[in-house]
Each structure stands twice: as structure tokens, then as C-alpha cells.
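Q: 3D model of this:
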Amino acid sequence: MNINIPNKIDSEKSVLGAMFLDQEALAKSCDLLTHDSFYDEKNKIIFEAIKSMYNEKIPIDIITLTSRLKDKKILDKIGGVSYISNILSIVPSASNIDYYIKDIEEARILRKLIDVTGQIKDLAFSTDKKIEDILDESESKILNIARNRRSKDFKTVTEVLKKAEENINFLTKNKNEVTGISTGFLDFDKYTTGLKEGQLIIVAGRPGIGKTVVATNLASNIAINSKKTVALFNLEMGAEQLINRMIASVGGIDQHKLQTGYFSESDWNKFTKATAELGNAKIYFDDTPSLSIGELKSKCRKLASSEEGLDVIIIDYLQILTSNKNYQGNRQQEVADISRSLKQLALELKVPIIALAQLRRPIEAKKGDQRPTMNELRESGQIEQDADIIVLLYREDYVDKTKAIDNNTTIMEFNLEKNRNGVSGRKIELLYNKNLSRLLNKGKEINEAS
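A: I've put the predicted structure just below:
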């Protein structure tokens, strides 16, 4: 079957001609295009020669380019000097360079789609893959084209250094300790410098310690204060229960009042303020029980490529997720696969993922200091390896009720056990009010949490 492969030969020639005429057009084309942007083989060869000369800081004109192509013994392959002269003659100015680049990039994307759909067709004919894996891989391939309009196999040291210099210049001008997304927990932000794209953050605790409170507080803090889009997955609690906890926390309303409706006038004022703040926040809930890692990835990719985008993913909690693969009852391998998949998803979508996790060892089995350690993470080996940050939650009143500040308020410890790019071994204390499902920085007055 004869297929007309998408191409824009005239625009390819126009880009090459503009690169001779204008330094800005030259720089822009070298930055935004690669050899596979060009369909015509002759144009590919000329572009690669011009780009290599540009990187070597060699002046570019018909003589220097001809000399380069002669030295490489490929001048005849592109049709000789006459072909280069023809390119130069068809472009009167470089003013339309943006249009030419857009034109040939659109054709490249169409060619990429044709290539990927062929790969998907091969996947569909596979007999040794599960349908969930085929769908996941196919969706990833398609969405990667939309998301990464221009990707490169490698980054040169020059490109990476340039980015590093830009970051340092920005930091020295702004002098802000928090360079990532703020969680609203000041000491945590101080030690981690905020949440960064591609990070996997594990927040682990024993049953009943308050993991879901941590998840909802993180979601509301990030969405309301940092104005970011958050996807919150909870596999044990419905979205309505979660939003009630957020209303209680944001508004400072006793959860019992939310459940019974016994509101005073001041409660109504708090309720109205909280619902207004949350109503403007970009929080997306998913309370699907028995969610597979493939389904989670699919939902996150769709949100990431939507108009709202996606900035942070929060999962409550990791060990309830299921894998698409059959591990025949080997839960350790299954959790390891889930952990790897979450780290890969964080890198793919360029967002931080916060995954709550369950600790394994029962509290009665320990003597002396009851604070958890990393080896208490259920199926912990791969999780520890994949995680950039690991926080272990602890409350003294969980062990000894007399340690609470009062009937409602206690101290929640964030023990920073792993911090790949910063200080670890730090204990961060937050005020935890059970009735309000609220976490506050310890510097706040106690009565703010009551």
C-alpha cells in the first residue's frame, strides 16, 4: 500500500536558507530542531553540517559549508553546490523562521504518530502480554508524543551547564530556601527545599497514626497556598469523607459538628470560608477501590495532558495498589514493581509523587524507643531504593495517651529518615488536632489547633 509520509520539504529548505541569513534564526533552529525534524535526506545532511559548525563556532556561508561537506565526502550526496545555492535563493529573509520551524515540526510529529501506531499494532498482536500492560504502554507512547513535542536522546554538557547557571542565577537573585513546591510545613520545606519534579516521597506510619490527615493536609496546603494542581488518590475512604476532613482542617471546624450538623453562626462563617477556599483549589479526587498501578498511571497522564495540568500526586496508600502483572502471591515483588512504576511515573510526568505507606512491625514487638525505622516498611527494600525522601510518622500519645498536650492536640513527628539531596536524620514536630484533622507548624499557638 502506497502511503504519502507527511513532510514539508519547502519549509525544510526555508529553515536551512534562514540559518544562513540570520544569527537568531540559526541559534533558534539549532536549539529547537534535530536531524529527524527533516524528512528529506539531503536536508538532514545539510542541517547536521550547519549545526556542527555552529557548535564549533565556525562562520557559516556557502563556502565554509561546501568545504565541510567536501571534507566529509558527502557534497555529491546532497546534489552539490547547486542544491545549496537553490536553498539560498528561495528565502528572501529569515523573518518567518518560527512558521517554518512549526511547519516541519508538525510533520515530524505526524511521522512519529505513524511510527508509534505501528508499534501499538505490534503490541496488540502480542499474545504474551496482559491487556492492561498493552493499554498502559500504548497510552504512554501516544501521550509522550503530545507532552514531549521535542525530545532529545542526550543532553550535551553545555546544555546542562547552561540550565545549572540559570538555576543558580535565579536562586541568588531570589534567595529563597524553598526552591520546589511548598508543603506548608515550614521545617519540612526548610530541610527538603520543597517538593521537586521527578521525586518519589514516601510518608510511612503505623495504622491509626494519622496518615490520611497528612495526605489531606498536604493536598489542601499545596492546592490552596501554592496554587498547584493536586491529584489525591485514596483507596480506603470516599471523596465525600476526604472533603469533610479538608473542610474541618481548613475551616477549623470540629468534625463531629460536620457529621451532625449542629452549627453555630461562627461555624457557618468558618464553613463558608473553607468551602470558598477549597472551591477555588485545583484538587482532583479518585476514590476507586482496588486501583491498579496501570489505572492510576492512565488517570494521571490524562490529567497531566489536560488544560489544568498536574503538579503533585498524592496516594493513600501505596500497599493497597495492585500491579497489572501476576506475581503469583509474591507480594514483595508486586510492591517492588508498584514502587518502581511510581518513580518512573514521577520522572515521566515531571511531578513529585507523595505515597503514604504502611509500616509492618506491630508496635508491641519493640522495646525502648518506639519510633519506627525504615526496615519496618512493609516490603521495604525496593521502596527504600526508589524513594528520594522517606518520612516516618510518630506520635508519643500513640504509645502513651498521657503524652498528649490535651484531649484534642498532640505532637506529630515527621522523622526525615532519607533525603537524597539534603539533610536527613531530622525530627520535625507539627501540632496535630484530631477533632479538626489539622496539622500546624509547631511555632503556631496551641489554641490555634484547638
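
Q: Residue 248: neighbouring residues, count only.
A: Each residue near residue 248 was counted by other CB atoms under 10 Å, and the total is 26. No exception for glycine: its C-beta is placed from N, CA and C like everyone else's.

Q: List the buried residues of whichever strand or helix holds it.
A: Taking DSSP states H and E as the definition, one finds residue 248 inside helix 239-251. By neighbour count with 16 or more other CB atoms under 10 Å, helix 239-251 contains the buried residues 242-251.

Q: what sits up against the helix or strand just after that helix?
A: Per DSSP H and E, the first helix or strand lying C-terminal to helix 239-251 is helix 255-260. Applying CB atoms under 8 Å, 6 or more residues apart in numbering, the contact partners of helix 255-260 are 244-245, 247-248, 263, 267, 435-437.

Q: chain center to helix 255-260, what's the gap?
A: Here the centre of helix 255-260 is set off from its chain's centre by 36 Å, with CA atoms, centre = their mean, to the nearest Å.

Q: average model confidence for it?
A: Confidence for helix 255-260, expressed as mean pLDDT, is 80.

Q: and what of stretch 23-39?
A: On average, the pLDDT along stretch 23-39 is 86.

Q: what distance separates the start and the end of it?
A: Stretch 23-39 has an end-to-end distance of 24 Å (CA to CA, to the nearest Å).

Q: now residue 68, what's its secondary structure?
A: Of the three states, residue 68 takes helix under DSSP: H, G, I helix; E, B strand; the rest coil.

Q: what about it, distance to residue 89?
A: 20 Å (CB to CB, to the nearest Å).

Q: So which of those two has more stuff around it?
A: More crowded of residue 68 and residue 89, by other CB under 10 Å: residue 68, with 19 against 10.

Q: Can you check the pLDDT for the more buried one?
A: 93.

Q: Kindly list the main-chain dihedrals of residue 355?
A: Main-chain torsions, residue 355, degrees, to the nearest 10: phi -120, psi 120.

Q: That one contacts residue 204, doesn't it?
A: No - if you go by CB atoms under 8 Å, residue 355 and residue 204 don't touch, sitting 9.0 Å apart.

Q: What about the closest residue to residue 120 other than its chain neighbours, how many residues nearby?
A: Once flanking residues are discounted, residue 120 sits nearest to residue 138: 4.6 Å by CB to CB, 6 or more residues apart in numbering. Here the number of neighbours of residue 138 (other CB under 10 Å) works out to 17.

Q: Kindly report the same for residue 342.
A: Neighbourhood size, residue 342 [other CB under 10 Å]: 25.

Q: any idea which element it lies in?
A: Following DSSP H and E, one finds residue 342 within helix 331-349.

Q: same check, this time on residue 309
A: With DSSP H and E as the test, residue 309 turns up in no helix or strand.

Q: Relative to residue 331, how far out is it?
A: 34 Å.

Q: One more: residue 227?
A: Distance of residue 227 to residue 331, given as CB to CB: 39 Å.
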